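Peer 1: got a predicted model here, sequence first, then my questions.
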Amino acid sequence: MDTWESLKRDCAGCRGCSLAETRHNLVFGVGNAQAEVMLIGEGPGEQEDLQGIPFVGPAGKLLDDMLEMIDLDRQKVYIANIVKCRPPRNRDPLNVEQEACRPWLDRQIALVNPKIIVCLGRIAAMALIREDFRITREHGQWFDRDGRRLMATYHPSALLRDVDKRPEAFMDLRALRKEIKAVCSRTY
Ligand code: URA
């Protein structure tokens, strides 16, 4: 049986792709190990790479505000990324990097066993919902995967770049709150 201790130990020294060569820190994940809601981003940025914690840069501040809007916080959810090491200059993670990193994420998902997964942005949605996922058309919609409810919303970095998308993201958060009330027992 898998445990957090063995997963963290196995993952800590990972050299499964070339991102290991440029990282300062591997960014494993943060939050409640028994959360019913898991948020999955794309990959660490500069601040995350320096601190070893997901979503601590400008996008992370906005994510915290978004969570607060629906009475969530970092203690109530679990936050991870598709890749655990920073892609140089914040480029999209390559497929080969995503594939190398995927077993760590799959083990995290299995251990947390969330009822709901929220994909933050296109990269996470393409990896976890459907390869040809279109974030502008399909954000806020619910999908069933492996007995869990999955939804994607705009990545907080996209909302920093384009404030016009924020009302749509707010609607997605309201849909998340409604789904939490319907399927979760512990989060509230
Ligand atoms: N963007 C992400 O997708 N993940 C982080 O941890 C930080 C920024």
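Peer 2: On my side now, so go ahead. Residues are numbered from 1 along each chain as shown.
Peer 1: so who does the closest residue to the ligand within the chain touch?
Peer 2: At 2.9 Å from the ligand, G41 is the closest residue in the chain, using C-beta to the nearest ligand atom. C-betas here are computed from N, CA, C, even on glycine. Applying C-beta atoms under 8 Å, 6 or more residues apart in numbering, we find G41 in contact with P54, F55, I79, A80, N81, I82, L120, G121, A124, H155.
Peer 1: give the bridge partners for it, please.
Peer 2: Using DSSP bridges, the bridge partners assigned to G41 are N81.
Peer 1: which residues touch the spatially most central residue of the chain?
Peer 2: In the chain, the centroid-proximal residue (C-alpha atoms, centre = their mean) is I40; its distance is 1.1 Å. Counting by C-beta under 8 Å, 6+ apart, I40 touches I79, A80, N81, I82, L105, I117, V118, C119, L120, A124, L128.
Peer 1: wait, doesn't the second one sit right on M38?
Peer 2: Meaning A80. Yes: between A80 and M38 there is a contact under C-beta atoms under 8 Å: 7.0 Å.
Peer 1: list of residues touching the helix or strand where D65 lies?
Peer 2: Secondary structure assignment for D65, by DSSP states H and E: helix 58-69. By C-beta under 8 Å, 6+ apart, the surrounding residues in contact with helix 58-69 are 39, 45, 47-48, 54-55, 73-74, 76-77, 120, 155-157, 159-160, 169-170, 173.
Peer 1: from D65, how far off is the residue of the chain closest to the ligand?
Peer 2: 15 Å (C-beta to C-beta, to the nearest Å).
Peer 1: do E42 as well
Peer 2: For E42 relative to D65 (C-beta to C-beta), the value is 19 Å.
Peer 1: higher neighbour count, the two?
Peer 2: Ranked by neighbour count (other C-beta atoms under 10 Å), E42 and D65 place E42 first, with 24 against 10.
Peer 1: give me every residue that touches the more buried one.
Peer 2: By C-beta under 8 Å, 6+ apart, the contact set of E42 is N81, I82, V83, D92, P93, L120, G121, I123, A124, H155.
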